[in-house]
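Undergrad: Build me a model from this:
(2 chains)
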Amino acid sequence: MNIQEAKFEYLLRLGDSSLIIGHRLSEWCGHGPILEEDIALINIALDFVGNATSILAYAGQTEGNGRDEDALAYLRSEREFRNLLITEQPNGDYANTIARQFLFDTYMFFLYEELKNSKDETLAAIAVKSHKEITYHLRHTTEWMYRLGDGTAESHERLQNGLNDLWMFTPEMFDMDEVDALLIKEGIVPDLNKVKASWEKRVKEVIAEATLKLPETTFKQKGSREGKHSEHLGFLLAEMQYVHRSFPDSNW
Amino acid sequence: MEDAKQLEAFEAKIAAGQKIEPKDWMPEAYRKQLVRMMSQHAHSEIVGMLPEGNWITRAPSLRRKAILLAKVQDEAGHGLYLYSAVETLGVDRTELLKQLHNGTAKYSSIFNYPTLSWADIGAIGWLVDGAAIMNQTALARGSYGPYSRAMVRICKEESFHNRQGYEIMMTLAQGTPEQKALAQDALNRWWWPAVMMLGPSDDQSPNTDQLMRWKVKMESNDAIRERFIDRTVPQAEFIGLSVPDKDMKFNKETGHYTHGPINWDEFFQVIKGNGPCNANRLKARADADKNGAWVREAAMAYAAKQMKEKEVA
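TA: Alright, predicted model coming up:
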């Protein structure tokens, strides 16, 4: 594997995670618990789709085979997607969505904070823009962690259940392989152990402040690095890709 | 019981082109009519999120997906803005939503039609937002300050929506034969509902005189409809599509198009709740409200706790 191949693979991991979690959030559109949240969730989904577009476009350029962001988003199949498993998990109730967003937003916040210093100028520029957006996302989800965690008995229980169910997908976020090793050496991407330390600290603080318990599960689900996903992703892609694939070689 | 002098001053103010503000005296009939119109408008914005929201997850390119997300976010924003404007007349959002969910409040008939293909997203922006703009630019000149200011702002965003819809249709019409067929089919299905959404013909629309004098209504339904048709028919021709009305003709003498008969029976059926999607739309809204109840309760409980802590500190 050379640097270019590693970079392409890494960009797919970043771009796919944003694309898929943005898709999940957009499913809330028109069905949120209150109009203000509809607006917030659509806005956040839009940021994720925008981030995915920039990153997948850059991935296509890096690959150099003439694939643009749409070719990468719409014409790859389940096994070719590299999004983290947590991002494809269904919305569930609002507490489950908030738990998923909190765990992922916190990860993305610290990861992109590091990526701002990337020696790859394009990636650094994307990270600067995205980090500003993620700062708002994280503020939004953190506030809801407090509201639901320390709100009513029902909201507390629902959020605790959401956290417990999603916890097994979190260790995968910090897995590193040959791709990371190559790019870390070049100063293009950070060592995820550093991101992990910041993530753990913040997540523990917020969980405690929200009067919740740190989940005890140590069981770990992984596979996204090799394109081994949960069954959910296939349905998601079927929906996302069907119009594009039904009209091959068309402009939209 | 209303003071004749107050009424006279109120009407003089409107005649002079001044705005009525929330704390000004106003006849009860004026207030009621505005609450009805503005809340219908607000409900239309949030129910309107559903047929378009349907296609966000299936949008055929990332660019289209982003534009559609931004558009639907705008609609939600309009809803919020309009609910706040209605609150200046003393009715709060919770009450208005209750009326929407129990079926006593109305919203635009157009959103009771289904979005069946991607081209429908183009047709909605082009035709539905296009018709709405015709109505709303007139309402921006209306007499009630908060509503008229809301309309100015909303119209700016709606004209973007209108253009993006037309651009979707143009892209499809210039695309493959299959894409062009999608566009024509969407135009066929959305044309008449869009023509009808501007409301019943003038001879069937009562109360118009007083509302016109009070600048609650600015133009008659038929006048607005004529402007919409005059503007839209050439746009369809320009991209090689045709409106599904064999009687549509340009009248050189009047400078306007004349259209074929409108199926008002269908319109009143949809208004009564018998449109293809009335039940689904209402259920989606009511479910969102029901499923969100515990979230809103939690937010209130948390806010109350925070308040208490502040008091103690």
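Undergrad: Skipping adjacent residues, who's closest to residue A:107 in space?
TA: Computed as Cβ to Cβ, 6 or more residues apart in numbering or on different chains, the closest residue to residue A:107 that is not its neighbour in sequence is residue A:173, at 5.0 Å. (Each C-beta comes from the backbone N, C-alpha and C, glycine too.)
Undergrad: And the helices in the stretch 1-150 of chain A?
TA: All helices of the stretch 1-150 of chain A, identified by DSSP state H, counting those that start in this stretch, fall at A:3-26, A:35-63, A:69-74, A:85-88, A:94-115, A:121-149.
Undergrad: Including distance to residue B:246, could the ones you listed go into JSON lines?
TA: Below are the helices of the stretch 1-150 of chain A laid out as JSON lines (distance: least, Cβ to Cβ, whole Å):
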{"stretch": "helix A:3-26", "distance to residue B:246": "40"}
{"stretch": "helix A:35-63", "distance to residue B:246": "41"}
{"stretch": "helix A:69-74", "distance to residue B:246": "39"}
{"stretch": "helix A:85-88", "distance to residue B:246": "50"}
{"stretch": "helix A:94-115", "distance to residue B:246": "50"}
{"stretch": "helix A:121-149", "distance to residue B:246": "51"}
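Undergrad: mind listing what's buried in stretch A:194-201?
TA: Across stretch A:194-201, burial judged by 16 or more other Cβ atoms under 10 Å in any protein chain shown covers A:195, A:196, A:198, A:199.
Undergrad: for stretch B:30-43, that is, sorry about that
TA: Going by 16+ other Cβ under 10 Å, stretch B:30-43 has these buried residues: B:30, B:33, B:34, B:37, B:38, B:39, B:40, B:41, B:42, B:43.
Undergrad: so how far is it off the chain centroid?
TA: Its chain's C-alpha centre and that of stretch B:30-43 lie 12 Å apart, by Cα atoms, centre = their mean, to the nearest Å.
Undergrad: what's next to it, contact-wise?
TA: Outside of stretch B:30-43, the residues within contact range by Cβ atoms under 8 Å, 6 or more residues apart in numbering or on different chains are B:10, B:20, B:78-79, B:82-83, B:85-86, B:89-91, B:96, B:99-100, B:105-108, B:144, B:147, B:211, B:214, B:216.
Undergrad: Within reach of chain A, which of the residues you listed are there?
TA: Checking the contacts of stretch B:30-43 against chain A by Cβ under 8 Å from any Cβ of the partner chain, the ones in range are B:79, B:83.
Undergrad: Among the contacts of stretch B:30-43, the buried ones, what's the ChimeraX command?
TA: Buried members of those, defined by 16+ other Cβ under 10 Å, are picked up in ChimeraX with:
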select /B:10,20,78,79,82,83,85,86,89,91,96,100,105,107,108,144,147,211,214,216
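Undergrad: For chain B, which segments count as helices?
TA: Remark: helices assigned in chain B by DSSP state H are B:4-15, B:28-53, B:62-87, B:93-101, B:119-123, B:129-139, B:145-173, B:177-196, B:208-213, B:221-238, B:264-269, B:278-291, B:293-312.
Undergrad: Next: the stretch 151-252 of chain A.
TA: Along the stretch 151-252 of chain A, counting by DSSP H, counting those that start in this stretch, helices occupy A:153-166, A:178-185, A:192-209, A:232-246.
Undergrad: Nearest approach to residue A:92 belongs to which of the helices of chain B?
TA: Nearest to residue A:92 among the helices of chain B is helix B:278-291; the distance by Cβ to Cβ comes to 11.1 Å.
Undergrad: is chain A contacted by the closest one?
TA: Yes: residues of helix B:278-291 are located near chain A by Cβ under 8 Å from any Cβ, namely B:284, B:287, B:288, B:291.
Undergrad: Next, the contact list for the closest residue to the first one other than its chain neighbours, please.
TA: Spelled out, it's residue B:284. Leaving aside its chain neighbours, residue B:284 sits nearest to residue B:50 (5.5 Å; criterion: Cβ to Cβ, 6+ apart). The neighbourhood of residue B:50, defined by Cβ under 8 Å, 6+ apart, consists of A:30, B:111, B:281, B:284, B:285.
Undergrad: can you pick the most crowded of those residues?
TA: residue B:111 (27 neighbours; other Cβ atoms under 10 Å in any protein chain shown).
Undergrad: ok, it touching residue B:51?
TA: Yes: Residue B:111 is within contact range of residue B:51, at 5.8 Å (criterion: Cβ atoms under 8 Å).
Undergrad: Give me the common contacts of the two.
TA: Common neighbours of residue B:111 and residue B:51 (Cβ under 8 Å, 6+ apart) are residue B:277.
Undergrad: before we move on, the earlier item: Provide a list of residues in contact with the residue nearest to residue A:107.
TA: Per Cβ under 8 Å, 6+ apart, neighbours of residue A:173: A:84, A:86, A:104, A:107, A:192, A:196, A:199.
Undergrad: repeat for residue B:121
TA: B:52, B:55, B:59, B:64, B:68, B:115, B:165, B:168.
Undergrad: Reformat the residues you listed as JSON lines; add neighbour count, pLDDT and distance to residue B:124.
TA: Putting the contacts of residue B:121 into JSON lines (neighbours: other Cβ atoms under 10 Å in any protein chain shown; pLDDT from 0 to 100; distance: Cβ to Cβ, whole Å) gives the following:
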{"residue": "B:52", "neighbour count": "23", "pLDDT": "97", "distance to residue B:124": "6"}
{"residue": "B:55", "neighbour count": "20", "pLDDT": "98", "distance to residue B:124": "9"}
{"residue": "B:59", "neighbour count": "22", "pLDDT": "98", "distance to residue B:124": "13"}
{"residue": "B:64", "neighbour count": "24", "pLDDT": "98", "distance to residue B:124": "13"}
{"residue": "B:68", "neighbour count": "27", "pLDDT": "98", "distance to residue B:124": "10"}
{"residue": "B:115", "neighbour count": "21", "pLDDT": "98", "distance to residue B:124": "7"}
{"residue": "B:165", "neighbour count": "22", "pLDDT": "97", "distance to residue B:124": "6"}
{"residue": "B:168", "neighbour count": "26", "pLDDT": "98", "distance to residue B:124": "9"}
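Undergrad: What is the nearest of those residues to residue B:231?
TA: Checking the contacts of residue B:121 one by one against residue B:231 (Cβ to Cβ), the nearest turns out to be residue B:165, at 13.4 Å.
Undergrad: which residues sit in contact with the closest one?
TA: By Cβ under 8 Å, 6+ apart, the residues touching residue B:165 are B:121, B:122, B:123, B:124, B:125, B:126, B:127, B:129, B:130.
Undergrad: tell me how far stretch B:276-291 is from the chain's mean position?
TA: Chain-centre distance of stretch B:276-291: 18 Å, with Cα atoms, centre = their mean.
Undergrad: can I get the CA coordinates of it in PDB?
TA: Output of stretch B:276-291 as PDB, limited to C-alpha atoms (Å, rounded to 0.1, in the frame of the first residue of the first chain):
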ATOM      1  CA  PRO B 276     -54.900  11.000  -1.400                       C
ATOM      2  CA  CYS B 277     -52.700  11.900   1.600                       C
ATOM      3  CA  ASN B 278     -54.800  13.800   4.100                       C
ATOM      4  CA  ALA B 279     -54.900  10.900   6.600                       C
ATOM      5  CA  ASN B 280     -51.200  10.100   6.200                       C
ATOM      6  CA  ARG B 281     -50.100  13.700   6.600                       C
ATOM      7  CA  LEU B 282     -52.200  14.300   9.800                       C
ATOM      8  CA  LYS B 283     -51.100  11.000  11.200                       C
ATOM      9  CA  ALA B 284     -47.400  11.800  10.600                       C
ATOM     10  CA  ARG B 285     -47.800  15.100  12.400                       C
ATOM     11  CA  ALA B 286     -49.800  13.700  15.200                       C
ATOM     12  CA  ASP B 287     -47.400  10.800  15.700                       C
ATOM     13  CA  ALA B 288     -44.400  13.200  15.800                       C
ATOM     14  CA  ASP B 289     -46.200  15.200  18.500                       C
ATOM     15  CA  LYS B 290     -47.100  12.100  20.500                       C
ATOM     16  CA  ASN B 291     -43.700  10.500  20.200                       C
END
